[in-house]
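Colleague: below is the structure, and that's it, no one-letter string:
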Ligand SMILES: [Cu+2]
């Protein structure tokens, strides 16, 4: 009976690993990446997944082996008690520390691209998160934000393809998180701060813009849309929006 329990236990990690390996074939892997920097993020993500997956596999196999070998039914000997091993503790402290240090250094370029090396351009759009929508403000014909001809819009973010985009991110009330899964962009919107976010989309299409920070009862519906279009279509859209706005003023 004891052996049967250890086999039953073994099915859990096998099922867990199986689900992970099968997920991408059922459309449950990472969402399609349509950003210039996305492959760096995905690479780090996969690297950490494989590393932790491997550690998981090894520990589960060892755990299973001990369950199998030392089940109570076939082992009548009294257990041996120890007060720990200083050497073992040193090893299992140094190994994770070295791994974390390696990851900290290994990810530096990706971090710099996404959070430090800001493109030297004026903001493409100002995004203000509020309960529970995304307010968008584009510079009008004068190309400058914060003037009378700014174009206002809600939840429907348009950007040109293959162009550096600089978002000025704000929040009107509480913490939100500006999340473009297909662009591998996620940044908290913090009340009182203007936070720059930049990226470059490589594929024309429509994608999700969602809030990734539980921000109140309506968090679930704080959903916008990202439209990546050609530069011409984008310019035409912006002109059309400005015209509509003028007509209702
Ligand atoms: Cu939110």
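Modeller: Sure, I can see it. Note that the structure is a prediction, hence the values are computed from the model and not measured.
Colleague: before we move on, what SS does residue 208 have?
Modeller: Secondary structure assignment for residue 208 (DSSP: H, G, I helix; E, B strand; the rest coil): strand.
Colleague: so for stretch 212-230, what gets flagged as buried?
Modeller: Within stretch 212-230, the residues scored as buried using 16 or more other CB atoms under 10 Å are 212-213, 215, 219, 222, 224, 226-229. Placement of C-beta: from N, CA and C, glycine included.
Colleague: save those as a markdown table, and put in pLDDT and secondary structure too.
Modeller: Listed next are the buried residues of stretch 212-230 as a markdown table, based on pLDDT from 0 to 100; DSSP: H, G, I helix; E, B strand; the rest coil:
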| residue | pLDDT | secondary structure |
| --- | --- | --- |
| 212 | 96 | coil |
| 213 | 95 | coil |
| 215 | 95 | coil |
| 219 | 95 | helix |
| 222 | 95 | coil |
| 224 | 94 | strand |
| 226 | 96 | strand |
| 227 | 96 | strand |
| 228 | 97 | strand |
| 229 | 96 | strand |
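Colleague: return only those of those residues found close to the ion.
Modeller: Checking the buried residues of stretch 212-230 against the ion by CB under 5 Å from the ion, the ones in range are 215, 219, 222.
Colleague: correct me, but the first one touches residue 133?
Modeller: What it means is residue 215. No. Using CB atoms under 8 Å, residue 215 is not in contact with residue 133, being 10.9 Å away.
Colleague: common neighbours of those two, please.
Modeller: residue 222 (CB atoms under 8 Å, 6 or more residues apart in numbering).
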